[in-house]
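*Asks:* Let's see this in three dimensions:
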Amino acid sequence: MSNLSKMLFATLLIGALLSSIVPAYAAVGDYPQSDEMYSIICATESVTMTKAKEGSVDTALDIRMPANAEDLRDNYGFALTALLGFGFHYIGINTRSVTPSSSGAYANYKNRVPGMPLFPLNISEFRFALHLIVGGETKDRIISEVFRWTSMRIDMYPTPAAGFWRNPAVYAPHDEAEALRILNVAGFYNDTAHTGLANGIWANTNPAKGPTGEIRAGAGFVGTEFEKKIRVLLAPEAATSTSLVSQKFMLEWNRFFGKNSAGGNYFVEDWIAWGTMLDIFRKNRDFDMFGAGWVTGRDPDSLYNFFHPSNDLPGGYNSPGLNNPALNVLLEAIKLWRFANGTMITDINVMQKIVYEAQEVAFYLASYIVNRAAITPNLFAPLVKGYIESLGYTANNGWTYDFIYKEGTGTIRQSNPGTVANLGPADASSVYEWNILNRVFDGLMAVNPWNKEDVMWAAKSYKIEAWSPPGETYGQKVTFNLRTGITWHDGTPFTADDVLFSWKFIANVSLPRYIDVWSVYKKAEKVDDYTVIAYMNGTGIWYVYDFAGTAMMFPEVIYTPWLGNLAGVKTWQPGNVKYDTWTGQTGHGDLTCLIGTGTWVFVKFDAVGQYAYFKANRPFTLGGSPTWTYTGRYWNKLIRQDINLDFKVDIKDIAMAAKAFGSYEGHPKWEAAADINADKKVDIKDIASIAKKFGYIGWP
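*Replies:* Below is the predicted model:
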């Protein structure tokens with residue numbers, strides 16, 4: 001018998017022996033662990049703090065000010081986790097020559113209209129000089145002043161949580177001499193000898209770059225005259241965090257550039273509520289600059305989304321409008337897993353080099369001045385258990401929502417740290433809105449929270465094959481084999497027909513949020529009730545993830561009336577519409593049209609009380625308003641002892657725990673998934689807990 005076999009055998013014996021005397025990890029009901037959940041809107045961090053201290057929320061998520069995290073931990077008994085996330089913060093710069101055709105279409109920003117010049121922001125040397133002025137130790141100082149230990153400086157994303165895909169060599173020093181040299185080479189001067197103006201007044205002397213004379217910064221007008229200033233959009237909701245960093249950057253830029261000929265600063269701030277600001281920089285795209293943050297996932301194809309011109313559209317992620325041919329080639333190789341000549345990329349190390357180069361090129365083009373990665377403090381009130389710490393996704397992730405519970409009650413009250421305006425999955429954009437929506441939906445695949453590897457979820461398997469669509473050279477078809485027994489929240493079975501409709505609907509209305517699906521979707525076909533094939537005019541694993549993630553979002557009975565109506569479905573709020581009223585059916589009580597197949601059933605959003613209310617996807621009865629009797633049940637019964645997330649507790653789980661036995665957080669053998677009781681070590685209690693559940697099946 002091998003040493004590993006002996007260890008596993010001994011472990012099983014020990015586990016079997018101790019299971020009768022060592023209590024297993026506490027299980028509360030089915031999966032999810034809690035019976036009901038409130039997502040309580042906390043528009044600002046001060047609101048989160050007030051509610052946490054008064055006990056009206058059980059979690060304080062995404063706390064950004066270190067003093068607040070320390071206050072809840074030290075004075076109110078909250079447990080503190082602080083994990084590096086995928087979220088990055090930045091200042092976006094409009095790289096277009098003029099404001100786009102969508103200018104002014106979604107929000108009135110300083111009466112801007114299409115075609116207003118944006119010079120000199122469209123000059124990459126000008127943008128990169130701005131980064132050098134606030135780079136290196138200056139950026140370190142500013143980040144430290146605002147966030148202390150809760151953020152770290154970065155100069156390009158993805159954040160260090162991405163590990164393999166992050167280029168660690170991309171670095172912007174604080175170098176004002178180099179910034180001045182770059183500006184001068186491009187034709188920007190501030191001395192009389194070159195400009196003919198008073199010393200300190202900046203002018204362009206190079207007609208190949210743009211209008212000569214004093215720089216006419218940004219697109220704003222005073223009457224018929226250009227403003228000599230660049231306007232930076234800031235959100236009051238982030239006045240003490242992200243917006244404060246932007247303000248401090250502006251101080252450095254104004255110090256460097258001095259005053260314009262009117263005696264004012266070149267960089268000024270516009271404070272606009274976050275919801276309206278989103279409309280301006282993501283939909284209008286007629287801003288000069290803006291400060292914001294975003295969360296990406298584990299995969300580097302987000303570089304394509306943020307920097308490729310195909311995503312320069314209302315609601316797209318390339319809101320600065322960057323379009324650089326050399327960068328586009330790299331981004332397309334990342335997205336499609338093939339070179340421009342058609343050669344497929346099969347070596348992940350080759351792909352890493354391409355991803356590294358794309359980060360470097362995008363860094364010098366500086367459509368985003370990336371400034372920090374959040375080390376997100378998430379806090380949990382006394383008696384709250386079961387939260388899942390996950391590097392990159394932090395503790396505010398889907399697994400935490402499903403495993404979390406509070407001892408002595410079946411209710412969990414989650415803080416949702418931001419404003420919510422749109423709960424329609426067709427066009428919701430903010431992370432705060434998706435904190436609610438993601439509770440409702442499943443995907444065909446999921447991501448293991450501990451090792452970031454793929455986990456088959458509502459699909460049992462998938463297969464990728466080459467396919468050449470008519471008139472095209474490259475494509476792929478992907479066959480998904482679905483699990484049986486899954487039902488929508490209205491009680492109807494989930495089958496291949498539902499997958500076909502979701503993809504058809506996304507393609508039919510060309511939803512901007514789902515461009516990665518409809519831009520390559522050619523057709524889909526049903527093999528049988530639980531097998532479906534997607535045909536894509538594109539290649540690469542990222543498209544598999546995109547199609548898997550959108551296959552269970554748009555039930556046909558609800559979304560058929562919206563076919564061909566992009567404008568209508570983008571504003572429609574399914575959570576405000578009763579299911580039976582919309583569909584003409586009966587017997588569903590006050591179930592709304594915001595349904596999925598996920599672990600949580602949406603009950604309502606209370607606009608006055610500012611909270612979303614959910615019930616766990618298992619039988620319940622609601623009285624009063626709303627009211628209905630729900631008889632559904634979630635399709636799997638995941639338990640914490642299933643540490644590899646394959647719906648059964650078996651020798652593989654024992655082996656993983658045995659390999660990590662004796663380790664603790666930070667130890668080379670540490671395996672967070674094996675720490676069943678969350679005491680920061682893998683010991684005999686964890687082994688015993690797994691052994692006691694040995695043979696458990698969560699899904700046939």
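*Asks:* for the stretch 101-250 of the chain, what spans make up the helices?
*Replies:* Using DSSP state H, counting those that start in this stretch, the helices assigned to the stretch 101-250 of the chain run over residues 124-133, 136-147, 176-186, 192-195, 242-257.
*Asks:* Which elements pack onto the second one?
*Replies:* If I follow you right, that is helix 136-147. On a contact count with 3 or more Cβ pairs under 8 Å, 6 or more residues apart in numbering; DSSP states H and E, helix 136-147 meets strand 151-153, helix 242-257, strand 368-380. The way it works is simple: take the backbone N, C-alpha and C, and place the C-beta from them, glycine included.
*Asks:* of all the ones you listed, which lies closest to residue 596?
*Replies:* Each of these has some distance to residue 596 by Cβ to Cβ; the shortest is strand 368-380, at 24.8 Å.
*Asks:* got a list of contacts for the helix or strand following that closest one?
*Replies:* Downstream of strand 368-380, the first helix or strand assigned by DSSP states H and E is strand 384-385. With Cβ atoms under 8 Å, 6 or more residues apart in numbering as the test, strand 384-385 has contacts from 26, 58-59, 79, 404-407, 412, 678.
*Asks:* Just the helices from the stretch 251-400 of the chain, written as ranges.
*Replies:* For the stretch 251-400 of the chain, the helices defined by DSSP H, counting those that start in this stretch occupy 274-278, 302-307, 325-336, 348-365, 398-403.
*Asks:* next one: the last one to chain centre, how far?
*Replies:* Same thing as helix 398-403. In terms of Cα atoms, centre = their mean, to the nearest Å, the gap separating the centre of helix 398-403 from the centre of its chain is 16 Å.
*Asks:* Past that helix, which element shows up next along the chain?
*Replies:* strand 405-406.
*Asks:* what pLDDT, on average, does that next one get?
*Replies:* For strand 405-406, mean pLDDT is 96.
*Asks:* That one - contacts with which helices or strands?
*Replies:* Packed next to strand 405-406, using 3+ Cβ pairs under 8 Å, 6+ apart, are strand 384-385.
*Asks:* What's the mean pLDDT across the strand it packs on?
*Replies:* Averaging pLDDT along strand 384-385 gives 94.
*Asks:* thought residue 445 was touching residue 549?
*Replies:* Yes - contact criterion Cβ atoms under 8 Å: residue 445 and residue 549 qualify, at 7.4 Å.
*Asks:* angle of the longest strand seen in the chain against helix 124-133?
*Replies:* Ranked by residue count, the top strand of the chain under DSSP state E comes out as strand 79-93. Note on geometry: by axes from the mean of the first three to the mean of the last three Cα atoms, to 10 degrees, strand 79-93 and helix 124-133 are set 140 degrees apart in direction.
*Asks:* what angle do strand 79-93 and strand 368-380 make?
*Replies:* If you take the same axes, to 10 degrees, strand 79-93 sits at 160 degrees to strand 368-380.
*Asks:* list the helices and strands strand 79-93 packs on?
*Replies:* helix 66-76, helix 242-257, strand 289-295, strand 368-380.
*Asks:* What strands flank the last one, and is each parallel or antiparallel?
*Replies:* Take DSSP bridges as the rule and strand 368-380 pairs in its sheet with strand 59-60 (antiparallel), strand 79-93 (antiparallel), strand 151-153 (antiparallel).
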